[in-house]
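A.B. asks: The following block contains a protein sequence and its predicted model.
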Amino acid sequence: MEEVVPQSHPYVPRDLKLPSYVPVVLSQSTIVGVYLSSSLIVVSIIWIISGQFQKISKIDKLLMCWWAFTGLTHAILEGYFVFSPEFYKDKTAFYLAEVWKEYSKGDSRYAARDAGVVSVEGITAVLGGPACLLAVYAIATKRSYNYILQFAISLGQLYGTAVYFVTSLLDGDNFAASMFYYYAYYVFANSFWVVIPSLIAIRCWKKICAACTVQGQKKNKLQ
């Protein structure tokens, strides 16, 4: 029987083959700190810009911030992953490569280029990212498709997250280097794309139903 030789990487399963793997250079605190700082800057800029538009509620301002944040995350962070299949070989300490080397400790399917993960992330980056940024514009300019667009994107995010978790469960749910990475990266980091899209979808559903009710009442009065 052929002996399984452990690979020189921190991921699970230990026999995952990642030829020419280059260890993470940046510290965890640096990687997380840069992401949080960048996100805070984006949110702050959008919040300030949203104040230039008249009659926009605080909830809509917060939604503009959310859609800008998640849209750029999808397009830039996830987009890099999709189109950089050998990020684990990067020797330059390029930030985006370092992010995915670190995150793979919580879900090694990223380093392994799991077909399901790549598919979900690809659709999210190419379609979801631009759609989120369009939602920022739609809210600011009060476009008629505002709520429908937000509802559709939220359902897409919920569907993508569900596929992400379910495929992991079906494959054994054993892709984290430790329980810390499992709960910090795999569970906690992704929970935002379950809770927030759910709340937005519910709000948009109510808004759309209310609009349809008003429209129906107007038609009845004209008859």
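C.D. replies: Happy to help now that I have it.
A.B. asks: so where's the chain shaky on pLDDT?
C.D. replies: 1-7, 218-223 (pLDDT under 70).
A.B. asks: Run through who's touching stretch 85-99.
C.D. replies: 9, 18, 20-22, 24-26, 31, 34-35, 76-77, 80-81, 84, 100-101, 104, 111, 113 (CB atoms under 8 Å, 6 or more residues apart in numbering). To be clear about C-beta, it is placed using only N, CA and C from the backbone, and glycine gets the same treatment.
A.B. asks: Buried ones among these?
C.D. replies: 9, 18, 21-22, 24, 26, 31, 77, 80-81, 100-101, 104, 111 (16 or more other CB atoms under 10 Å).
A.B. asks: out of the residues you listed, who's nearest Ala131?
C.D. replies: Ala131 lies nearest to Leu77 out of the buried ones among the contacts of stretch 85-99, by CB to CB, at 16.0 Å.
A.B. asks: For the lengthiest helix in the chain, buried residues please.
C.D. replies: Longest helix in the chain, counting residues (DSSP state H): helix 190-222. In terms of neighbour count (16+ other CB under 10 Å), helix 190-222 has its buried residues at 193, 196-197, 200-201, 203-204.
A.B. asks: Then stretch 145-155?
C.D. replies: 146-147, 149-151, 153-155.
A.B. asks: same question, stretch 176-184
C.D. replies: Per 16+ other CB under 10 Å, stretch 176-184 contains these buried residues: 176-177, 181-182, 184.
A.B. asks: before we move on, what about stretch 69-88?
C.D. replies: Buried residues in stretch 69-88 (16+ other CB under 10 Å): 69-75, 77-82, 87-88.
A.B. asks: center of this protein, which residue is that?
C.D. replies: His74 (5.3 Å; CA atoms, centre = their mean).
A.B. asks: related to what we said a few turns ago, the buried residues of stretch 145-155: which two are farthest apart?
C.D. replies: Longest span within these, CB to CB: Asn146 and Leu155, 15.3 Å.
A.B. asks: Ile31 - nearest residue in space that isn't next to it in sequence?
C.D. replies: Distances taken as CB to CB, 6 or more residues apart in numbering put Glu102 closest to Ile31, at 5.2 Å, once the chain neighbours are dropped.
A.B. asks: Pull the number of nearby residues for the one you found.
C.D. replies: 19 (other CB atoms under 10 Å).
A.B. asks: got a list of what it touches?
C.D. replies: Per CB under 8 Å, 6+ apart, neighbours of Glu102: 24, 26, 28, 31.
A.B. asks: These in helices, which ones?
C.D. replies: Short answer: the contacts of Glu102 in helices (DSSP H) are 28, 31.
A.B. asks: which one of the contacts of Glu102 sits closest to Ala135?
C.D. replies: The closest of these, once distances to Ala135 are taken by CB to CB, is Ile31, at 27.5 Å.
A.B. asks: got the contact list for the closest one?
C.D. replies: 24, 95, 98-99, 102.
A.B. asks: ok, 7 Å please
C.D. replies: 98-99, 102 (CB atoms under 7 Å, 6 or more residues apart in numbering).
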